[in-house]
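Peer 1: what's the 3D shape of this:
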Amino acid sequence: MNMASKGITFIESPAKLDPVLNVGSILHILCLQGSLSFLFFNNHYNTAKFDYVILPDASLVSQITASGDFKGIIMLLDQKFVSSIAIRSNYGIIGHLSLLQNPVMRLDEHDFKNCRTDLLRLKEKTYKHDHLFYTEMLSSLLCAHILDLYDIHAKSRKISALSERKAVILKKFIDLLYSGSFINHRNLSFYAQKLFISEHYLSEICKEISCKPASYWIDLFTVKEIVRYLCQKQLTLSQIAEKLNFSSLSYFCRYFRAKTGLSPNAYRSSIYLL
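Peer 2: Okay, the predicted model is just below:
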């Protein structure tokens, strides 16, 4: 049974996750027992007890497989609801980029117990629809949990704070990529012009936080979209190249091989061998 509130939904089984319905939702999974594997941004992940998975967009995860003894707490968050929470820290965009690179946090026993307590309390409170301050209560509990996650993540990676200006630039850059700008624009100059900064400055901000230049993120979103289309058997490589505005099929194939080490056909074959 799903337990839903305004902006928060708890799901009892990974099998009930629907990428189509969950577009734009933030997915949290705390593994309590057993194991869980999934594909995210073209990488396979295997998780076990003490792992906390945070996927900034639930629609980007696929091939979710749970062991027979898997137990976990699965929470979906509406992006608008999370954005409405007044969190003053700029750490969110830092964590977001880090989680796009690796969505799995390994917790120690102390942090694991705290996160489990936080999530179970949130889950319990979703039933309290008669609470006169229901939305505010859930917002406060979720805010406290998010700040706990910021603390765990920042301490494990020793990431410094980010200025307000840099945080805004990074968020706008990633928002442009999520909106699909990479389909027509894979050149860094487009994004720099949109953000009214130099190409060098944009890349320096990205490297400061993620150790990767801005071009890495443009390619990451592009390859993700290519893989999504490669999973659709009915589409030819020429059709995929056209959808992503590559100038030719040969350039499309060279691009994909350069970024993944495999030709599109070889990658497509590997998907169906998994």
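Peer 1: give me the most central residue, this structure.
Peer 2: The C-alpha lying nearest the average C-alpha coordinate of the chain belongs to residue 56 (CA atoms, centre = their mean; 2.8 Å).
Peer 1: now the helices for the protein?
Peer 2: Secondary structure of the chain (DSSP state H): helices at 79-84, 91-101, 109-125, 134-157, 164-178, 188-195, 199-210, 214-230, 237-243, 249-260, 264-271.
Peer 1: what does the third one contact?
Peer 2: Contact with helix 109-125 is made by 3, 5, 8, 10, 28, 30, 32, 49-50, 52, 73, 75, 107, 131, 137-138, 141-142, 144-145, 148-149, 152, as judged by CB atoms under 8 Å, 6 or more residues apart in numbering. Bear in mind the C-beta positions are built from the backbone N, C-alpha and C, glycine included.
Peer 1: list only buried entries from the residues you listed.
Peer 2: For these, a burial check counting by 16 or more other CB atoms under 10 Å picks out 5, 8, 10, 28, 30, 50, 52, 73, 75, 107, 138, 141-142, 145, 149, 152.
Peer 1: which members of those are the farthest-apart pair?
Peer 2: Taking every pair in those and measuring CB to CB, the maximum separation is 27.0 Å, between 5 and 50.
Peer 1: what residues of stretch 146-160 count as buried?
Peer 2: 146, 149-150, 152-154, 159.
Peer 1: kindly indicate which of these lies nearest residue 44.
Peer 2: Closest approach between these and residue 44, by CB to CB: residue 153, at 21.8 Å.
Peer 1: that closest one contacts residue 104, correct?
Peer 2: No: with contacts counted by CB atoms under 8 Å, residue 153 stays clear of residue 104, the gap being 11.4 Å.
Peer 1: can you check which residues contact both of the two?
Peer 2: By CB under 8 Å, 6+ apart, residue 153 and residue 104 have no common neighbours.
Peer 1: now pLDDT and distance to residue 227 too, for the buried residues of stretch 146-160, in a markdown table please.
Peer 2: Formatted as a markdown table, the buried residues of stretch 146-160 follow (pLDDT from 0 to 100; distance: CB to CB, whole Å):
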| residue | pLDDT | distance to residue 227 |
| --- | --- | --- |
| 146 | 92 | 29 |
| 149 | 91 | 28 |
| 150 | 88 | 30 |
| 152 | 89 | 30 |
| 153 | 86 | 26 |
| 154 | 82 | 31 |
| 159 | 60 | 28 |
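Peer 1: thanks a lot, catch you later.
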